[in-house]
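Student: A predicted structure for the sequence below; I have some questions about it.
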Amino acid sequence: MADPVLKTLLLPLETGTIELPADAKTLFLRARMDRGLNDTAFETLVCEQSFAPDRDALERGGFSVQSEVTDNDFDLVLVLPTRQKQEARALLARAVQKAKPGGIVLACAANTEGAKTAESDLKKLAGNDGTLSKNKCRVFRTTVRAETVDADLLAEWSALDAERDVLNGTYRSRPGVFAWDRIDPASQLLADNLPDTLSGKGADLGAGFGFLSRTVLESCPNVTGMDLYEAEKRALDLAEKNLAAFKGKRQLSGIWSDVTRGIEGPYDFIVSNPPFHQGGKADRADVGQGFIRAAASGLRSGGTFYMVANRHLPYEQTLRDVFDHVEMIADEGGYKVIKAIKRKGK
């Protein structure tokens, strides 16, 4: 399926509105894969992506991907601003900083995902050389010049998504990470319904900045270790810091991966608050269903899976397909907590 945002982003290059030198260096921030990337003749394209599913798709498409690019002086910086305001502004600032003097920043967003705001932000930061609306998206660009870049605003916005203490200093987090400055109520409900008798080695699927894993480690003395699976590397790096007190006392591993592509194991238990949005506002039940199947395959015989989800999400049939015992153990505030057990001998 074509990506309308990426298709629109590339239009100024395809139509010749932007002409690049033959040896142009191009950086793509928050890069996503689409057939159009292969159709665009980039001499050098460096992709930056910290979200594992997009990283994997780009690598399958033949592109080299880095979680954080250190090089500067790019002739063209492509950028897809995110939905979270502080992260999006920091990303635009990063794009301007990565472009060489006279280089171009080209950004695009869907109209329903804050396109007008992102366009206005880039204009405040570094000016606007043109805008095009198509495919219910808006693509806009600027040429980076010292005289048009607001240096004070650039410095301010560059720090907007920096790591910081949250929740009265009990956790480290940063804007852009899921529920970055609070404990998500679904995760809290799951934490409140986990038994303190959990034991052995466990896994946390979609670990975020580490709240559920830390809850398990603090409450369950017989847990020997946890593997934290997280698609967003920015969150996984935070989780490592938030679990630093257990380093050397329990076996801990952070695994930057797309859970729906499978997990390791076998585990004695698994906890999870699966994501149900990915790359947009629409519910994505298929992601949570993928988490459920991964959990079933990663558990040992007799292992237990605890998950929380919005009440309306259709997970029960998938759970019954891959687990032998399924029960709802909590139903509160629009969320459901489900316990599932894998039959011994499987």
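Tutor: Thanks, I have it.

Student: Now for residue 265, how many residues are close by?
Tutor: If you count neighbours by other C-beta atoms under 10 Å, residue 265 ends up with 17. Every residue, glycine included, has its C-beta placed from N, CA and C.

Student: what do you get for residue 15?
Tutor: Using other C-beta under 10 Å, residue 15 has 9 other residues around it.

Student: One more: residue 40?
Tutor: Counted with other C-beta under 10 Å, residue 40 comes out at 15.

Student: contacting residues for residue 117?
Tutor: By C-beta atoms under 8 Å, 6 or more residues apart in numbering, the contact list for residue 117 reads 85, 88.

Student: Give me the distance between the two termini of stretch 155-162.
Tutor: Taking C-alpha to C-alpha, to the nearest Å, the first and last residues of stretch 155-162 lie 12 Å apart.

Student: Pull out the buried residues from it.
Tutor: Buried residues in stretch 155-162, counted by 16 or more other C-beta atoms under 10 Å: 157, 158, 160, 161.

Student: what's the answer for stretch 229-243, then?
Tutor: Using 16+ other C-beta under 10 Å as the test for burial, stretch 229-243 gives 229-240, 242-243.

Student: Mind checking the pLDDT average for that stretch?
Tutor: Averaging pLDDT along stretch 229-243 yields 98.

Student: residues in contact with that stretch?
Tutor: 50-53, 67, 163, 171-174, 176-178, 203-211, 213-214, 217, 226, 228, 252, 254-259, 263, 275.

Student: Please pick the buried ones from those residues.
Tutor: For the contacts of stretch 229-243, a burial check counting by 16+ other C-beta under 10 Å picks out 50-53, 67, 171-174, 176-178, 203-211, 213-214, 217, 226, 228, 252, 254-259, 263, 275.

Student: give me the element residue 104 is part of.
Tutor: If you go by DSSP states H and E, residue 104 is part of strand 99-110.

Student: so where's this structure uncertain?
Tutor: Applying pLDDT under 70 to the chain flags the ranges 1, 277-283, 344-346.

Student: related to what we said a few turns ago, so of the buried ones among the contacts of stretch 229-243, which ones are in strands?
Tutor: Using DSSP state E, the members of these that fall in strands are 171, 172, 173, 203, 204, 205, 226, 228, 252, 254, 255, 256.

Student: Dump the residues you listed into CSV; add distance to residue 311 as well.
Tutor: Formatted as CSV, those follow (distance: C-beta to C-beta, whole Å):
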residue, distance to residue 311
171, 27
172, 31
173, 27
203, 24
204, 22
205, 20
226, 27
228, 26
252, 32
254, 30
255, 29
256, 30
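
Student: and which of these is nearest residue 309?
Tutor: Using C-beta to C-beta, residue 205 comes nearest to residue 309 of those, at 12.3 Å.

Student: All good on my end, thank you.
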